[in-house]
Structure formats: C-alpha cells, structure tokens
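# model the structure of this input:
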Amino acid sequence: MKSKFFLLTLAIMLNACSESTETTAKEVFNEAVDAYMNKQYNKAKVLLDSVIHSYPQYEDIAREAHDFENIVYRSEQERTLHFLDSLLLKREDEIKTQQQNFVEVGDRSEVPIYVHKTQTVARTLDRSTVRGYVDRNGTFYIASCYTGERHINHTMLRVAVGDDYITTDTISNDALNHSFENGGQVWETVKYKYGSDNGAAEFIARNYERRIVLTFGGGSPCTYVMNDVDKQALRDTYYLALMLRETVQIKSQIRNVKVTLKNLRNADNSLLQTANRE
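Next comes the predicted model:
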C-alpha cells in the first residue's frame, strides 16, 4: 500500500514539475517578446536562445522561439541598415565640405588622386616640404619634396617634434624616388607609399600646432622647419583619408546587411510556400 502511495505521489510531483518547467519556458519566451517590443534585441536573442536550448522537450515553444528569433534578427539588421545609411550620408556631407580644399592631380592611376590646394606643385615649387596625397578610397601617402641649387640625393625623411621623432623607410626605387633640374634649380621627390612613412603622416597630423622639423636624409642631409600652411594641409589630407576609408567600410557593411536581409526574406518566402503546400 505504501509503495502504491509513493508511486502516486512521485507521479504527481513529476507532473507538477513538468507543468512548472513548461510555465517557466513560456515565461522566458514572453519576456523575450517584451524585450523585442522595447527594441532590446540582444536581450531578446539571449532569452530566445535559452528557450530553444534549455527547454527542447517543449517542441512547440522551442519552434515558436526559433521562428521569433529570425524576426528579431531581421529587425536588428534593418535597424543596423538604417544606422549605416544615416552615418554614410553624414560622412559624405563632411567629405564634400572637406574636398572643396582639394584638387585632382595626375598620378598615372585609375583612381583619381587629390592634393590640398595649398600643396599643388605650382604652389610648392619654390620650397622644400612634405606633401600629402589621397585617393577617393582613402589610400594615403606623403612625399618629401626638395628644391635647391644642388642635388642632395635624399632617400628618407625624419620628422621631429622636440625630442620625439619618426623616421621613414629608405626609398631607392626609381618609381618612387626621382629628380630633375632646370635652369640651375634642382627638384627631388620621394614618395612614401604602402606604409613606408612609418607613421610620419599621423605624427605630423597630431602635432600640427607644434614646431615640426623635417630632415631630408640619406644623401647630403638638409633640415627645414615645416611651415603652418603645409602642416595644416597635411593634417587636412590625413583626416580626409580617414573619412574616405570609413565610407568605404560603411558601404561594404551596407552591402553585407542587404545580402543578409535578402537571404532572410528568401527564407521566409520558402517557409510560406511550404506552409501553403501543406
């Protein structure tokens, strides 16, 4: 008799426990719905994931949680797309304003190259300085430009602010290091592409309000104090490059989000067609 009573009690307890667990699963699911309605998408996904993996025995609830998880993910992607579109418009407006200070120059490249109006060849022909170049994808490089009455055959650049300094790589490649002379005047240009400036451009941009000393080295070293016009131009070019690179990244993210949303819509249509056939 006692054995029968024990089994009956155990059955009642197990049934109550099962009902309690099912109630908990439903409560967690409802909490996820509330989080979604409040646009707390990360919280909603965590709760739905908990329903799916913690209560797989309740197939209807788990299936509903999985379907709702797709809805949350799609809404999250749509919000991301809206944010990226807004950010892109903002950056493009900023770039348009900044680009008014730049002109396109020839560089034998399929992608147009831009230089600050104060740093065109015509404007810097009579002084030794550092020029900045940027293309529409944000690819950026600097060039040390020397002019004088004799060749110094420089191959590198040292940029110093007080006791701090940065030295570029040595550039001996004829495609990046060239010179010419005319009427007793000499010009030398060394381009520091593909990161060979070793951070010199950023160093100038960060310290443009301070005294910057340029040393054209590698041959017969010459030292110059960078003027305010060139420091400001280099800073503007550097930050324009950062904004252009950011827009390239934003556009790539937008494309990826659009592909994701398209795949989600296709999956929804497939499920709908399957349901209609059934």
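# show me where this protein has helices.
Remark: helices assigned in the chain by DSSP state H are 2-37, 41-54, 59-98, 121-124, 200-206, 228-277.
# count of neighbours near the nearest residue to Lys258 once chain neighbours are set aside?
Nearest residue to Lys258, sequence neighbours excluded (C-beta to C-beta, 6 or more residues apart in numbering): Leu81, at 7.0 Å. Glycine gets a C-beta too; all of them are placed from N, C-alpha and C. Leu81: 17 surrounding residues under other C-beta atoms under 10 Å.
# kindly report the same for Ser128.
For Ser128, the count of nearby residues is 20 (other C-beta under 10 Å).
# that one and Leu157, how far apart?
According to C-beta to C-beta, to the nearest Å, Ser128 and Leu157 sit 11 Å apart.
# how about Leu47, what does it touch?
Val28, Phe29, Glu31, Ala32, Ala35 (C-beta atoms under 8 Å, 6 or more residues apart in numbering).
# buried set for stretch 243-254?
By neighbour count with 16 or more other C-beta atoms under 10 Å, stretch 243-254 contains the buried residues Met243, Leu244, Glu246, Thr247, Ile250, Gln253, Ile254.
# check contacts around the fifth one.
If you count contacts by C-beta under 8 Å, 6+ apart, Ile250 has them with Leu84, Leu87, Leu88, Arg91.
# hmm, 10 Å instead?
Phe83, Leu84, Asp85, Leu87, Leu88, Leu89, Lys90, Arg91, Glu92 (C-beta atoms under 10 Å, 6 or more residues apart in numbering).
# neighbours around the nearest residue to it once chain neighbours are set aside, how many?
Among residues not flanking Ile250 along the chain, Leu88 sits closest, at 4.9 Å (C-beta to C-beta, 6+ apart). Residue neighbour count, defined by other C-beta under 10 Å, stands at 16 for Leu88.
# what of Asn70?
14.
# is it true that it touches Leu264?
Yes: judged on C-beta atoms under 10 Å, Asn70 makes contact with Leu264 at a distance of 6.7 Å.
# overlap of the contact sets of Ser128 and Leu157?
Joint contacts of Ser128 and Leu157 (C-beta under 10 Å, 6+ apart) are Ser144, Leu214, Phe216.
# for the residues you listed, pick the one with the most neighbours.
Of these, with other C-beta under 10 Å as the count, Ser144 tops at 29 neighbours.
# what ranges in the stretch 1-150 of the chain fall below the confidence cut-off?
Applying pLDDT under 70 to the stretch 1-150 of the chain flags residues 1-19, 107-110.
# state the distance from Asp65 to Pro112.
In this structure residue 65 is Ala, not Asp. From Ala65 to Pro112 the distance is 52 Å (C-beta to C-beta).
# if you count surrounding residues, which of those two has more?
Between Ala65 and Pro112, Ala65 has the larger neighbour count (other C-beta under 10 Å), namely 23 against 13.
# that one and Glu78: what is the separation?
Counting by C-beta to C-beta, the gap from Ala65 to Glu78 is 20 Å.
# do Val225 as well
54 Å.
# neighbour count winner among these two?
Glu78 (13 against 8).
# got a list of what Phe102 touches?
113-120, 132-134, 233, 236-237, 240.
# over to Tyr194?
Counting by C-beta under 10 Å, 6+ apart, Tyr194 has contacts Thr139, Tyr141, Asp169, Leu176.
# just the pLDDT for it.
Note on Tyr194: pLDDT of 92.
# same question for Arg255.
Looking at Arg255, its pLDDT is 97.
# neighbours of it, just the number please.
The tally of other residues near Arg255 (other C-beta under 10 Å) stands at 11.
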